[in-house]
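1. sequence? don't have it. structure:
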């Protein structure tokens, strides 16, 4: 245990014990993310998905566990590996898959792509492509929540590769200085693309970065949904009741390459297989059986079939959806509603 | 009508808009307890309190990004850069976040944000502190770029910028903060964004300028008038989107165009104006369009050298005589 961990948030007493139906719902969410990502990988190799595509396989318990302790109108913001958070936030597989396909029915109308999912309805503030660039935005969401007296909090995710970017440190300083209701969550999957944690970051463990800013720090096992939920609940309570930020380091592992374009040759098969032994979905499955949440494995297999069907429907929906109309290229750049008369915009393209 | 300085005009604009809308707040280095590095925010802390007039650490990427996030959540931040030269450490936040979020989200999140502060050379503060960044930010599709030259425009345009639901780069000039001018003091005084203004009428040649260069152009015009050359001086006020129609009307009368801009020449805003005018008004032109810009060299510290690299009256007069030959 690091010294920063000892400065953790006080336990809030209330049990995180969930009713069986709720446990099953979270299991289903993790499964949905995995099957969605597997389908996305397939669609990418079929060239139906272009550009970059960063998969969340192996990290499902992290996204599902953290978001499961939020209120529906708390804010969530993340980096470019965003499919899992979007689905955990309740965005539909259809709108997400359609965005990957670049279709008009996508969650960003086909204008964002894999790295730029957004949903105002679900309080999902993106999907951001520049490493660490979303961390001050998260501070801004929390600043606004506090300014407006909303009693709402923000979860801001970043990868372990983002911890050495300047704006992340500036964000931690601002969050601590101004007591913003935000939880920064480092999704530590041990690799920033092909560079290992040991080769990229001094001062391990990463949670120690909380120390320099006099901020609460927590570590969670990202392969264990219950542990993720328990630790995140502590941090959320601290943010909601005392408007204090927390830095969490949640340890996880991605089974696939950094993106679909990365064969991942920098890791050994053995390393990956070893991590798969603590697979978050298998772990939770065993727990559901042990706790008799379901009668037998057959029930869970049925659930898996159901999820696969839902993902197939998302794929079909994405494939059949229309492309955005080229006449709408300029739409969505500027707000059409304004407090001032419409500004005449020049057209600087002559051909 | 009141006669006030540029800094007072800007201060009034912020105070009035903060009075009008509680979601408007000001954030930046030394804006609160110090009363502003250039005293533009003088008295605002006293009037609105620390919740709405906020001193930041020296942390531009952090507080610009924070303001973009707050804007997507529904607040209307005004961010002061002590100088726009310091905006460079927040470039990613301005370009990628303020500039792209609305589009990338399919129009779900607007960014009603004003980034403002001083800029420009001529005060012997060296190469890192003398940038005129309007052309850099005008290159970002979603950003509106405003550069006022007179107190009335500063007030009326800043009020419009604060009310805009889209991100605005409001680029002031350090040399003009003490410049005095008449500003209407009755009612809600707004100046429309995207409109230029003729500051001097003439028929011999059209001078298009912005910010402090407008004053250089006006001074050059007075000199030229002694020789019977009547220059029409247009203050562009808004760099993007800019008022092509006003320039077109003037060029249709004078048939000659000289553009005066303090920023560096390569891909400066004047290059866009020159391209558009030659493309659309080719038959109106009796001489090549000419640009007088900052020279393509870092800003020297030495006073005489610095004056030489900026668009001064002598260079403007030479350019006008050239297009009139």
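-> Thanks, I have the structure now. As the structure is a computational prediction, the values presented were derived from the model and not from experiment.
2. for stretch B:188-197, which positions count as buried?
-> Neighbour counts over stretch B:188-197 (16 or more other Cβ atoms under 10 Å in any protein chain shown) mark B:189, B:190, B:191, B:192, B:193, B:194, B:195, B:196, B:197 as buried. The way it works is simple: take the backbone N, C-alpha and C, and place the C-beta from them, glycine included.
3. can you pull the contacts of the fourth one?
-> It refers to residue B:192. Shown in contact with residue B:192 (Cβ atoms under 8 Å, 6 or more residues apart in numbering or on different chains): A:340, A:341, A:343, B:160.
4. contacting residues for the closest residue to the third one other than its chain neighbours?
-> In other words, residue A:343. Closest residue to residue A:343 apart from its sequence neighbours, by Cβ to Cβ, 6 or more residues apart in numbering or on different chains: residue B:194 at 4.5 Å. Shown in contact with residue B:194 (Cβ under 8 Å, 6+ apart): A:343, A:344, A:345, B:238, B:241, B:242, B:243.
5. same thing but 10 Å
-> A:341-346, B:144, B:146, B:160, B:236-244 (Cβ atoms under 10 Å, 6 or more residues apart in numbering or on different chains).
6. Could you list the residues of the stretch 101-250 of chain B in contact with chain A?
-> B:101-113, B:138, B:141-144, B:159-167, B:190, B:192-195, B:238, B:240-245 (Cβ under 10 Å from any Cβ of the partner chain).
7. Over to the residue of the stretch 151-300 of chain A found nearest chain B: give its phi and psi.
-> Residue nearest to chain B within the stretch 151-300 of chain A (Cβ to the nearest Cβ): residue A:170, separated by 2.9 Å. Dihedral pair for residue A:170: phi -60, psi -40, per degrees, to the nearest 10.
8. Repeat that for residue A:183.
-> phi -120, psi 110.
9. how many neighbours does the nearest residue to it once chain neighbours are set aside have?
-> Excluding the flanking residues, the one nearest residue A:183 by Cβ to Cβ, 6+ apart is residue A:235, at 4.5 Å. Residues within reach of residue A:235, counting by other Cβ atoms under 10 Å in any protein chain shown, total 28.
10. Helix, strand or coil: sort out residue B:128 for me.
-> helix (DSSP: H, G, I helix; E, B strand; the rest coil).
11. Now do the same for it: its pLDDT.
-> Per-residue confidence (pLDDT) for residue B:128: 95.
12. Need the pLDDT of the residue in the stretch 251-351 of chain A positioned nearest to chain B.
-> Closest contact between the stretch 251-351 of chain A and chain B, by Cβ to the nearest Cβ, is at residue A:332 (3.4 Å). Here, the pLDDT recorded for residue A:332 equals 96.
13. Keep only those of the contacts of residue B:194 that are in helices.
-> Judged by DSSP state H, the subset of those located in helices is B:160, B:244.
14. OK, contacts around the residue nearest the centre of chain A?
-> Centroid-nearest residue in chain A: residue A:85, 3.3 Å away (criterion: Cα atoms, centre = their mean). Residue A:85 sits next to A:33, A:56, A:59, A:62-64, A:66-67, A:76-79, A:91, A:117, A:124, A:126-127, A:155, A:157, A:185, A:187 when contact means Cβ under 10 Å, 6+ apart.
15. Could you tell me whether residue B:232 really is in a strand?
-> Yes - under three-state DSSP, residue B:232 sits within a strand.
16. can you give me the strands in the chain?
-> All of this is about chain A. A:75-77, A:154-159, A:182-188, A:191-192, A:195-196, A:216-221, A:246-251 (DSSP state E).
17. Not quite, go with chain B.
-> Under DSSP E, chain B gives strands at B:2-5, B:24-28, B:53-55, B:76-83, B:114-118, B:144-146, B:168-171, B:180-183, B:197-200, B:205-209, B:231-235, B:238-240, B:257-261, B:290-293.
18. Compare these and give me the one nearest residue A:296.
-> Smallest distance to residue A:296 across the strands of chain B (Cβ to Cβ): 56.1 Å, for strand B:76-83.
19. and the closest one, anywhere near chain A?
-> Yes - counting by Cβ under 10 Å from any Cβ, chain A is contacted by strand B:76-83 at B:76, B:77.
20. Report all helices and strands that that strand contacts.
-> When contacts are defined as 3 or more Cβ pairs under 10 Å, 6 or more residues apart in numbering or on different chains; DSSP states H and E, strand B:76-83 packs onto helix A:135-147, helix B:6-20, strand B:24-28, strand B:53-55, helix B:60-72, strand B:114-118, helix B:151-163, strand B:168-171.
21. same thing but at 6 Å, please
-> strand B:24-28, helix B:60-72, strand B:114-118 (3 or more Cβ pairs under 6 Å, 6 or more residues apart in numbering or on different chains; DSSP states H and E).
22. Could you list the buried residues of it?
-> Buried residues in strand B:76-83 (16+ other Cβ under 10 Å): B:76, B:77, B:78, B:79, B:80, B:81, B:82, B:83.
23. Report the beta-bridge partners for the fourth one.
-> The residues paired with residue B:79 through beta bridges, assigned by DSSP bridges, are residue B:27, residue B:115.
24. residues in contact with it?
-> B:27, B:28, B:64, B:67, B:115 (Cβ atoms under 6 Å, 6 or more residues apart in numbering or on different chains).
25. Now, the contacts of residue A:85 that are in helices?
-> Per DSSP H, the contacts of residue A:85 map to helices at A:33, A:62, A:63, A:64, A:66, A:67.
26. Rebuild those residues as TSV, extending it with distance to residue B:262 and neighbour count.
-> Shown next, in TSV, are the ones in helices among the contacts of residue A:85 (distance: Cβ to Cβ, whole Å; neighbours: other Cβ atoms under 10 Å in any protein chain shown):
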residue	distance to residue B:262	neighbour count
A:33	53	28
A:62	51	33
A:63	49	32
A:64	54	29
A:66	50	29
A:67	50	26
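27. out of these, what pair is the most spread apart?
-> A:33 and A:66 (12.9 Å).
28. that older thread, in contact with the residue nearest to residue A:183, which residues?
-> With Cβ under 6 Å, 6+ apart, residue A:235 has these contacts: A:9, A:183, A:218, A:246, A:248.
29. Of these - the most surrounded one?
-> Ranked by neighbours (other Cβ under 10 Å), the contacts of residue A:235 are led by residue A:183, which has 31 neighbours.
30. ok, what's across the strand from that one?
-> As assigned using DSSP bridges, the partners bridged with residue A:183 are residue A:155, residue A:246.
31. now, which of the contacts of residue B:79 sits nearest residue A:291?
-> residue B:67 (46.9 Å).
32. Touching, the closest one and residue B:77? I think so.
-> Yes - using Cβ atoms under 6 Å, residue B:67 is in contact with residue B:77, at 3.9 Å.
33. which neighbours do these two share?
-> Counting by Cβ under 6 Å, 6+ apart, the residues touching both residue B:67 and residue B:77 are residue B:113.
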